[in-house]
Structure formats: C-alpha cells, structure tokens
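Quick check, what structure comes out for this input:
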Amino acid sequence: MSVSRPRFETLEKGAEIGRREISVTRSDLVTYAGASGDFNPIHWNNDFAVSVELPGVIAHGMFTMGAAVQLVVDWAGDPAAVIDYQTRFTKPVPVADTTGTDAPGAVVEIVGTVGALDAEARTARIDLAVTCAGQRVLTKAQAVVKLP
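Below is the predicted model:
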C-alpha cells in the first residue's frame, strides 16, 4: 500500500494541512519518561511540581513538541521529508491526575497551516498552532517539509 504524499504544486500559502487533538494522561508521561530518560519529578510528582511553583504535574516539553510535529509527519507521508523543526515553549501543559477514569489529564490541540512555500527548494514551511485549555503552549512551531 502506498501513501499519498502531498505535491508541492498543489499547495497554497494559508491552507490548512490538518488538525488533531492529543489526549495526555499521567501514564503517558511515565511511559515517555522511561523512553526518554527524563525522570524529572515535575513530570510525575504533584507535590514537587507545586513546590517549584508549577500548577502541578506538567508534560515534558519534548513530549509536547513531538506530539505536535506528528501531524506534519503524517501529512507528509514520510518522516524523512521533515528537514527542519523548531519551536519555543511558552506555557506548560498541566496534566491532571485522572487515574481510574477514561478521562485525559490534558488535551493538546494542534492545527497545521502552510506558512510559506519555496519553489526553488520545493519546500513548504508548516506553521503549527499548539494549544492546551485555550492557551498557546508552543510558539513559532514551524516544520520545513521537502516535497516531491
């Protein structure tokens, strides 16, 4: 089965490439900590997080960054097509303790739009709007995608 990849000629600046919501639980943070080796207690210990003036347990910044760029990877159809990705972290993603329920501790919303096109390089800059609870958690989140 072949994946249909976007073609440079069909893109327009300002066009939306997709949107999604990512449900985040504290269990996701523990899994991510194990994979990344980042066991900072702000990502699993509520008392500690509050003691350092956070609103409670927060998602890893790289977890949020990775979840956001996945929208672009899926749209591009090839992870190697994403040749650059940058962002600035602006707000933490607080993750409530919803253990024993089906509810997420946080929901991260991601919307991708074509921000710029470079015909010579055949690249598209995809701008990502990344929010949680109505607050922007990443700014200047931009991925550059090389297109066929």
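
Look up how far residue 144 lies from the residue located most distally from the centre of the chain.
Here the chain reaches farthest from its C-alpha mean at residue 120, the gap being 28.1 Å by Cα atoms, centre = their mean. Shown here: residue 120 relative to residue 144, a distance of 13 Å by Cβ to Cβ, to the nearest Å. (Glycine included, C-beta is placed from N, CA and C.)

cool, residue 112 as well?
Spatial separation of residue 112 from residue 144 under the definition Cβ to Cβ is 13 Å.

Look at these two and report which has more neighbours.
Legend: neighbour count by other Cβ atoms under 10 Å for residue 112 and residue 144, higher for residue 112 (24 against 19).

on that earlier part again, over to the residue farthest from the centre of the chain: give its phi and psi.
Here is the backbone geometry of residue 120 (degrees, to the nearest 10): phi -70, psi -40.

before we move on, what SS does the residue nearest the centre of the chain have?
Centroid-nearest residue in the chain, with Cα atoms, centre = their mean: residue 68, separated by 1.6 Å. Using DSSP: H, G, I helix; E, B strand; the rest coil as the criterion, the local structure at residue 68 reads helix.
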